[in-house]
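Peer 1: Attaching a predicted model along with its sequence, questions to come.
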Amino acid sequence: MRIDIVSIFPEYLAALDLSLVGKARVAGLLDLRVHDLRDWTTDRHRTVDDTPFGGGAGMVMRPDVWGQAIDELTSTGPAHLVVPTPSGTTFTQRTAEALATEDQLVFACGRYEGIDARVAEHYRAAGHRVSEVSIGDYVLNGGEVASLVMVEAVARLLPGVIGNPESLVEESHGAAGLLEYPVYTKPPVWSGLEVPDVLLSGHHAKIRRWRRDRALEKTAARRPDLIEALEVSTLDKHDRAF
Ligand SMILES: Nc1cc(-c2ccc3ccn(Cc4ccccn4)c3c2)[nH]n1
């Protein structure tokens with residue numbers, strides 16, 4: 001997969017050189033390129049914004065500069081344009097799974113009051129998939145942090161990026177559709193607190209059952225909406241006790 005990220009603060013995306021995503025790039029599992037939007041400006045001041053039509057506070061990012069950038073970056077094939085915005089559809093694990101199937105993603109990181117609305121309109125009309133996406137109900141100062149979140153969520157789903165793909169099944173919002181169970185490691189007693197006996201028993205069936213019970217318990221307590229969304233067929237008679 002190729003991912004292009006365009007921003008007026010490209011150094012904000014330096015975190016993607018680190019850790020799991022950084023290693024995936026070095027290993028050639030992910031072709032991730034970060035670009036400075038100002039490289040597509042033509043004036044001496046490298047201007048990317050202007051005052052909003054209709055008045056109002058703040059500035060709006062110009063469509064022409066974004067058009068030059070996105071045209072160049074999508075010239076090699078079908079790309080999915082992802083535009084972080086507070087007014088977008090909510091990004092979920094399902095969104096990450098869908099984006100992870102694409103050949104190319106282009107993240108357009110806005111700043112100021114956002115990007116001229118005609119940019120998304122233009123690329124939809126040109127036949128591109130365009131997703132205007134929010135990472136949650138709070139307001140950031142730009143799209144860079146949202147792009148970091150989405151790139152990490154997508155990259156870890158790509159083949160070979162996560163060491164043990166099995167862990168993708170049991171984690172929160174994973175295939176099981178539950179929040180994950182509590183995890184423990186050594187020492188067996190810490191701060192006067194013990195590890196649940198069943199986890200020390202070596203009885204794998206009981207451990208599996210205990211973990212599923214804790215996952216159902218936590219999900220029912222913290223995210224009853226996820227319980228509603230569970231396929232009833234995936235619940236056994238023991239589960240229905242929750
Ligand atoms: N989940 C999210 C996403 C964002 C986000 C994404 C991109 C941009 C580009 C500019 N701003 C600031 C801004 C503030 C007020 C109204 C419009 N935009 C952004 C904020 N905030 N929260």
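Peer 2: That came in fine, so what should we check first? Numbering: from 1, shown residues only.
Peer 1: how about the one helix or strand Gly88 maps to as CSV, C-alpha atoms only?
Peer 2: Under the criterion of DSSP states H and E, Gly88 resides in strand 80-90. Provided in CSV are the C-alpha atoms of strand 80-90 (Å, rounded to 0.1, in the frame of the first residue of the first chain):
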residue,chain,number,x,y,z
HIS,A,80,-8.8,7.0,-1.9
LEU,A,81,-8.8,10.7,-0.7
VAL,A,82,-9.2,10.9,3.1
VAL,A,83,-10.0,14.4,4.5
PRO,A,84,-9.9,14.6,8.3
THR,A,85,-12.6,17.1,9.5
PRO,A,86,-14.6,17.7,12.7
SER,A,87,-17.7,17.4,10.4
GLY,A,88,-16.8,14.0,9.0
THR,A,89,-18.3,10.5,9.5
THR,A,90,-16.8,8.8,12.6
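Peer 1: hey, where'd the strands end up in the chain?
Peer 2: Using DSSP state E, the strands of the chain run over 2-7, 31-36, 49-50, 60-61, 80-90, 104-108, 129-134, 189-190, 193-194.
Peer 1: Spatially central residue for the chain, please.
Peer 2: With distances taken as CA atoms, centre = their mean, Met150 lies nearest the centre of the chain, 2.2 Å away.
Peer 1: The nearest residue to that residue once chain neighbours are set aside and Gly143: what is the separation?
Peer 2: Excluding the flanking residues, the one nearest Met150 by CB to CB, 6 or more residues apart in numbering is Phe91, at 6.0 Å. Any C-beta I mention is one placed from the backbone N, CA and C, and that applies to glycine too. As judged by CB to CB, to the nearest Å, Phe91 and Gly143 stand 12 Å apart.
Peer 1: Then Val119?
Peer 2: 12 Å.
Peer 1: Now Gly142: closest residue in space that isn't a chain neighbour?
Peer 2: Arg111 (4.2 Å).
Peer 1: who's in contact with the one you found?
Peer 2: 7-9, 49, 61, 141-143 (CB atoms under 8 Å, 6 or more residues apart in numbering).
Peer 1: Now cross-check those residues against the ligand and list the overlap.
Peer 2: 141-143 (CB under 6 Å from any ligand atom).
Peer 1: what does the longest helix belonging to the chain contact?
Peer 2: Under DSSP state H, the helix in the chain containing the largest number of residues is helix 204-222. Identification of contacts with helix 204-222 by CB under 8 Å, 6+ apart yields 170, 176, 178-182, 196, 198-199, 201, 226-227, 238-239, 242.
Peer 1: What residue in this structure is the furthest from its centre?
Peer 2: Gly192 (38.0 Å).
Peer 1: For it, give its distance to the ligand.
Peer 2: 41 Å (CB to the nearest ligand atom, to the nearest Å).
Peer 1: can you check Ile5 too?
Peer 2: 13 Å.
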